[in-house]
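> pasted the sequence and its predicted model underneath.
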Amino acid sequence: MSAFVDASILVAILARESDYIEQNDRLLSHDHLLWSPISRWETIGGVARATRYGDALSAEIADAFAQENGFDMVQIGEAEARIASEAHRRYGKGRHDAKLNMGDCFAYACARTNNATLLYKGDDFARTDLR
């Protein structure tokens with residue numbers, strides 16, 4: 001089964017948060033891993049903030065991890081944009097308890113358009129219709 005990897009789980013792993021081993025095991029239990037330019041961007045920023053490595057080193061770390069684990073980069077197209085807008089309308093901050101932000105809405109859309117499980121940390125996506 002394919003899994004779209006949200007930035008939240010990547011930041012947890014790459015910044016070695018307290019649950020990084022558990023999150024890494026969850027990630028490695030899937031045989032086809034996906035991310036997008038937006039999740040890459042969010043991961044780099046999250047790692048840079050959490051570690052103070054700066055953007056360039058954080059990008060190297062994120063890209064190396066993705067390459068080592070065989071991530072495929074999915075593109076953001078018309079279908080993803082449409083579904084992300086719908087996710088924002090249904091689950092966006094100020095509209096729903098899920099409180100999805102822009103990056104979350106695009107992760108939701110990428111998982112949906114690629115028929116993939118969404119790997120994430122936290123409980124925001126659990127409040128949506130993704131399973």
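It's in. Please read all numbers here as calculations on a predicted model, not as lab measurements.

> contacts for the helix or strand containing Arg40 next, please.
Taking DSSP states H and E as the definition, one finds Arg40 inside helix 37-51. The contact list for helix 37-51, computed with CB atoms under 8 Å, 6 or more residues apart in numbering, reads 4-8, 10-11, 14-15, 17, 35, 53-55, 57-59, 61-63, 66, 73, 75-76, 102-103, 106-107, 110. For every residue, glycine as well, the C-beta is placed using N, CA and C.

> cool, stretch 57-69 as well?
For stretch 57-69, contacts defined as CB under 8 Å, 6+ apart pick out 10, 13-14, 27-28, 33, 35, 40, 43-45, 47-48, 51, 53, 73.

> quick one on the thing from earlier: among the contacts of helix 37-51, which are located in helices?
Members of the contacts of helix 37-51 lying in helices (criterion: DSSP state H): 7-8, 10-11, 14, 55, 57-59, 61-63, 66, 102-103, 106-107, 110.

> of those, just the buried ones, PyMOL syntax please.
Filtering the ones in helices among the contacts of helix 37-51 down to the buried ones (16 or more other CB atoms under 10 Å) takes a single PyMOL command:
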select buried, resi 7+8+10+11+14+58+59+61+62+66+103+106+107+110
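
> gap between Asp123 and Gly70?
Counting by CB to CB, to the nearest Å, the gap from Asp123 to Gly70 is 28 Å.
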